[in-house]
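Peer 1: structure for the following, please:
(one chain, ligands or ions: 1)
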Amino acid sequence: MPDMASDTEKQNAAAAAMDFVEEGMTIGLGTGSTAKFFVEMLADEIADGLIVRCIETSNQTRELARSLGVPLIPFEQVDRIHLTVDGADEVGPGGVLIKGGGAALLREKIIANASDHMVVIADSSKEVPHLGAFPLPVEVTPFGYTITAKKVHDALVASGVERPRIELRKAAGSTDLLVTDGGNHILDCHCGRIPDPAKTGAYLSGVPGVVEHGLFIGIARTVIIGEENGAHIIEY
Ligand SMILES: O=C(CO)[C@H](O)[C@H](O)COP(=O)(O)O
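Peer 2: Predicted coordinates:
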C-alpha cells in the first residue's frame with residue numbers, strides 16, 4: 001500500500017523539478033516511484049506542446065515513457081544531455097547519494113554523469129545525516145560473482161565500513177537472482193554506516209567484477225526534497 005504522505009512529497013519534488021525543464025532539451029529520465037511522477041508530469045507538458053527528447057535509464061522507464069507518448073531517442077544518437085531528473089535511496093551531506101534500489105544504477109550513473117545537470121527528487125525520508133542505513137547496491141558480472149562478493153566485502157572493510165553484510169538480490173517474488181537491464185547481478189551491501197563514501201566508492205571501483213556501485217559522488221547538482229506543501233531545493 002503506497003504511503004500517501006511520501007507520495008505527496010514525491011509529487012511535490014517532481015513538480016518542482018519541472019521548473020528546470022526547457023524547450024528543446026534532451027532529458028534523462030530516472031527510474032523509480034519518484035521519477036515516475038516526473039515522467040508523468042513531463043508527458044502532460046509534452047501533450048500540451050512542449051518539445052523535448054528523452055533518454056531512459058531503464059527498461060521500466062522506457063515502457064512508462066512509451067506508454068505516455070514521451071519521445072525517446074537511442075543513446076547513440078545523443079550528443080548532449082541537458083538535464084537528468086532521478087530519484088535516490090539516500091541523500092547525504094554534500095549531495096552524495098545511494099542509488100540502485102530499483103537495480104538501475106548502471107544506466108542511471110552513465111546518464112547522470114553525462115548530463116550537464118542532474119536534479120535529484122526525493123521525499124523527506126531520503127535525507128540522511130550519513131549514508132549507509134540503506135543497503136548499498138553494487139552491480140557485478142555473473143561470472144565469478146561469489147568471489148567478487150568476497151572481494152567487495154574486503155573492500156568495504158578496508159574503506160572503513162564496520163562488519164558489512166552482503167546479500168545477493170533476488171528477482172521480485174522469486175528465488176532466482178535478479179538480472180539487471182545490463183545482464184548483471186546486484187549485491188546489496190548492508191553497511192550500517194559508510195564513514196567515507198568517496199573512499200568506499202574508490203575501493204569498490206577497484207574490484208574486478210564490479211561493474212558499478214550505487215554511490216553517486218559529485219554528480220548531483222540540485223537536490224529537491226518534497227514537503228507536504230511544496231519542496232525545498234538544495235544546490236551544490
Ligand atoms: O536508484 C533508483 C533506481 O535504481 C531509484 O531512484 C531509487 O531506488 C529511488 O526510488 P523511489 O523513488 O521509488 O524511492
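Peer 1: can you pull out the helices in this structure?
Peer 2: With helices called from DSSP state H, the chain shows them at 4-17, 33-47, 59-67, 105-113, 145-158, 197-205.
Peer 1: quick one: the strands in this protein?
Peer 2: With DSSP state E as the criterion, the chain has strands at 26-29, 53-56, 83-86, 90-91, 97-98, 118-122, 136-140, 165-168, 185-190, 210-213, 215-216, 220-227, 230-235.
Peer 1: now these in TSV, with mean pLDDT and distance to the ligand?
Peer 2: Placement of C-beta: from N, CA and C, glycine included. What follows is the strands of the chain, written out as TSV (pLDDT from 0 to 100; distance: least, Cβ to the nearest ligand atom, whole Å):
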stretch	mean pLDDT	distance to the ligand
strand 26-29	98	11
strand 53-56	98	12
strand 83-86	98	5
strand 90-91	98	9
strand 97-98	98	8
strand 118-122	98	7
strand 136-140	99	7
strand 165-168	98	16
strand 185-190	98	9
strand 210-213	98	11
strand 215-216	98	9
strand 220-227	98	10
strand 230-235	97	14
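Peer 1: now those strands as CSV including distance to residue 174?
Peer 2: What follows is those, written out as CSV (distance: least, Cβ to Cβ, whole Å):
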stretch, distance to residue 174
strand 26-29, 27
strand 53-56, 24
strand 83-86, 26
strand 90-91, 26
strand 97-98, 24
strand 118-122, 28
strand 136-140, 18
strand 165-168, 12
strand 185-190, 13
strand 210-213, 22
strand 215-216, 27
strand 220-227, 32
strand 230-235, 36
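Peer 1: just put the ones you listed in CSV and tack on mean neighbour count and distance to residue 6.
Peer 2: Listed next are those as CSV, based on neighbours: other Cβ atoms under 10 Å; distance: least, Cβ to Cβ, whole Å:
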stretch, mean neighbour count, distance to residue 6
strand 26-29, 24, 20
strand 53-56, 22, 24
strand 83-86, 28, 17
strand 90-91, 25, 14
strand 97-98, 29, 17
strand 118-122, 28, 9
strand 136-140, 27, 20
strand 165-168, 14, 24
strand 185-190, 22, 21
strand 210-213, 22, 26
strand 215-216, 26, 21
strand 220-227, 22, 8
strand 230-235, 15, 13
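Peer 1: for residue 214, find the nearest of the helices of the chain.
Peer 2: Nearest of the helices of the chain to residue 214, taken as Cβ to Cβ: helix 105-113 at 4.6 Å.
Peer 1: any idea what residue 177 is bridged to?
Peer 2: With DSSP bridges as the criterion, residue 177 is bridged to residue 170.
Peer 1: what separation do you get for it and the ligand?
Peer 2: 17 Å (Cβ to the nearest ligand atom, to the nearest Å).
Peer 1: show me what contacts that residue?
Peer 2: For residue 177, the contact set (Cβ atoms under 8 Å, 6 or more residues apart in numbering) comprises 168, 169, 170, 171, 185.
Peer 1: what's the end-to-end length of stretch 98-114?
Peer 2: End-to-end distance for stretch 98-114: 18 Å, by Cα to Cα, to the nearest Å.
Peer 1: quick check: domain ranges of the chain?
Peer 2: With domains defined by the TED database, the chain comprises 7-128+218-235, 136-211.
Peer 1: off-centre distance for the shortest one?
Peer 2: Here the centre of domain 136-211 is set off from its chain's centre by 16 Å, with Cα atoms, centre = their mean, to the nearest Å.
Peer 1: how near is the residue nearest in space to the middle of the chain to residue 219?
Peer 2: Ranked by distance to the mean C-alpha position of the chain (Cα atoms, centre = their mean), the top residue is residue 99 at 4.0 Å. Noted for residue 99: a distance of 9 Å to residue 219, by Cβ to Cβ, to the nearest Å.
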